[in-house]
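*Asks:* Just need the structure, nothing else, for what follows:
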Amino acid sequence: MEIDLIDRALSLSREMKRDASKIIEPPEEGFIAESNKVIPFAIVKGSRGYIEKVTNQINGCYEKGWFDACAVMIRRLLETLIIECFEEYEISHKIQNSQGDFFYLKNLINSILNENSWNIGRNAKKALPKLKDIGDKSAHSRRFIAHLNDIKDLIPDLRLIVQELVYLAKLK
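*Replies:* Residues are numbered from 1 along each chain as shown. From the prediction side, this is the model:
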């Protein structure tokens, strides 16, 4: 009898959870990541709202195991921070085509590495192509599926480059 009641209670609980998930939407601007396992939020806190939100999504995707989404958001953050650097120094025309559109990430990376207005650190220079590669594979390769270690192995490099670009862009 007692086991039947427990089984019935568990069954009702599962039904309620399933029904609630059909009705309840996530918050308009999403959830706050529970951890900072990829990028410590302190690095971007107080910079720009959209940079903070992308960083939150990177961390949230990682903790949920959505590694392709995490890699694509990493790619987006790199593009954004590189553009921020050029805008801060009022030389964004150097990373735009004749229509005023910003370059794709490959050319953005080449531009930031070759710009004389600053000096990118040696480790950051090595990290940028690796970070681009995982983002490109996750965004553009039909058969590539990112796994935990694809992101986990890049975390030290990512932290380094994000912090360097945040400072170069004078966001902190």
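
*Asks:* Just name the shakiest helix or strand of this structure by mean pLDDT.
*Replies:* helix 2-23 (a mean of 79; mean pLDDT, DSSP states H and E).

*Asks:* From the chain's centroid, how far away is it?
*Replies:* 36 Å (CA atoms, centre = their mean, to the nearest Å).

*Asks:* Does residue 116 belong to a helix, a strand or coil?
*Replies:* Look at residue 116: counting by DSSP: H, G, I helix; E, B strand; the rest coil, its state is coil.

*Asks:* gap between it and residue 96?
*Replies:* To residue 96, residue 116 is 18 Å away according to CB to CB, to the nearest Å. Glycine gets a C-beta too; all of them are placed from N, C-alpha and C.

*Asks:* out of the two, which sits in the busier spot?
*Replies:* Using other CB atoms under 10 Å, the more surrounded residue of residue 116 and residue 96 is residue 96, with 13 against 6.

*Asks:* Would you report the backbone torsion angles of the closest residue in space to that one that isn't next to it in sequence?
*Replies:* Among residues not flanking residue 96 along the chain, residue 102 sits closest, at 5.7 Å (CB to CB, 6 or more residues apart in numbering). Main-chain dihedrals, residue 102, degrees, to the nearest 10: phi -70, psi 150.

*Asks:* and residue 102, how many residues sit next to it?
*Replies:* Count around residue 102 with other CB under 10 Å applied: 17.

*Asks:* tell me the contacts of it?
*Replies:* Residue 102 makes contact with 79, 83, 92, 95-96, 108 under the criterion CB atoms under 8 Å, 6 or more residues apart in numbering.

*Asks:* sec struct for the nearest residue to residue 40 once chain neighbours are set aside, please.
*Replies:* Ranked by CB to CB, 6+ apart and with sequence neighbours excluded, the top spatial neighbour of residue 40 is residue 159, at 6.8 Å. Judged by three-state DSSP, the three-state class of residue 159 is helix.

*Asks:* count of residues packed around residue 159?
*Replies:* Using other CB under 10 Å: residue 159 sits among 16 other residues.

*Asks:* And the pLDDT at it?
*Replies:* Residue 159 is assigned a pLDDT of 96 by the prediction.

*Asks:* so it touches residue 41, yeah?
*Replies:* No - the pair residue 159 / residue 41 is not scored as a contact, 11.5 Å apart, by CB atoms under 8 Å.

*Asks:* Now the residue nearest to residue 128 when sequence neighbours are not counted: which helix or strand?
*Replies:* Leaving aside its chain neighbours, residue 128 sits nearest to residue 109 (4.9 Å; criterion: CB to CB, 6+ apart). Here residue 109 sits within helix 105-114, counting by DSSP states H and E.

*Asks:* No further queries at this time; thank you.
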